[in-house]
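**Q** fold the following and give me the result.
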Amino acid sequence: MIVETLGLIAIVATAYYFGVGRPRARKAQVHTGLTALAPLLTGATVDTGRLTSTAGVSKLHLRGLYQGFHIEAWPERTDPRPTGVGDHGPSNPVDQFTVRCVGLDGRQPWSCQRRRVSLNPFAEDQLVFTASLDPDSIFAGPLGAFIGLPEPDPQLEQRLRGAGLIDEVARLGHGSHSWLPHVRFVPPIDFSRGFSQPNVSWLECRVEAGHGRVPTAERFGQLLDCVVRLAHINARENPA
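**A** Numbering: from 1, shown residues only. Below you'll find the predicted structure:
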């Protein structure tokens, strides 16, 4: 009887650790890490509420102002591959850190992501620019116009590249995983066609988190400077 009782206690304790104790410890660790980064922002808070940039999403994040820009930042562990790429294989989650600059000017959505473009396994990954709307997209025609998406801008990539976008994204550095870093801009789009407020625009940088889920203050400062430079490039070359 004693052996069975001890065994049951061990099972309950193990389940509690993996189901409650370890997640709480990780959340506390993230909270501490984000709090340590707060001095780099003005009016910074560590919040578990909804994101300003994505009203329907709640997560533990840091928010505040940097050089006049509204910033939201958080760590997460997700598969960085674009939708559709990993649909037919196992998920490959990676520890990432996201810095999002909210409420920016800009018209056309776009994305720039490090990825493998060669069949040569020894070839370097490259940064690939993608216009979020292309002629093959279902949102590029009448449906896109109906929900308020802008017409594709065929010169956007050339202007952004000429302004140094790729060089700035390269400054973010990279780890061992493809698909990171990933930078993308989402403009304000009125999906409801006037029945509610348009979504808030944002520019987002995702990088591999490395050894810790939250970067050092030095690394966070580098990410902030980079996202601000990218915001200025986008405002100049992708005007609303």
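
**Q** make it CA atoms for all contacts and neighbour counts henceforth
**A** Will do.

**Q** now the host helix or strand of Glu168: mean pLDDT?
**A** If you go by DSSP states H and E, Glu168 is part of helix 165-171. Here helix 165-171 scores 94 as its mean pLDDT.

**Q** again, but for stretch 78-98
**A** The predicted model gives stretch 78-98 an average pLDDT of 77.

**Q** how long is that stretch end to end?
**A** This stretch, stretch 78-98, spans 11 Å end to end (Cα to Cα, to the nearest Å).

**Q** same question, stretch 62-72
**A** One end of stretch 62-72 to the other measures 6 Å (Cα to Cα).

**Q** same check, this time on stretch 37-49
**A** Counting by Cα to Cα, you get 18 Å between the two ends of stretch 37-49.

**Q** what average pLDDT does that stretch get?
**A** Per-residue pLDDT over stretch 37-49 has a mean of 94.

**Q** so how far is it off the chain centroid?
**A** Centre-to-centre, stretch 37-49 and its host chain are 17 Å apart (Cα atoms, centre = their mean, to the nearest Å).

**Q** elements contacting the lengthiest helix in the chain?
**A** In the chain, with assignment by DSSP state H, the single longest helix is helix 217-237. The contact analysis (3 or more Cα pairs under 8 Å, 6 or more residues apart in numbering; DSSP states H and E) places helix 217-237 against helix 22-37, strand 94-102, helix 156-162, helix 165-171, strand 202-208.

**Q** run through who's touching the longest one.
**A** For helix 22-37, the surrounding residues in contact (Cα atoms under 8 Å, 6 or more residues apart in numbering) are 45-46, 60-62, 74-75, 213-217, 220.

**Q** derive a PyMOL selection command for the buried subset of those residues.
**A** A single PyMOL command selects the buried members of these (16 or more other Cα atoms under 10 Å):
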select buried, resi 45+46+60+61+62+74+75+213+214+215+217+220
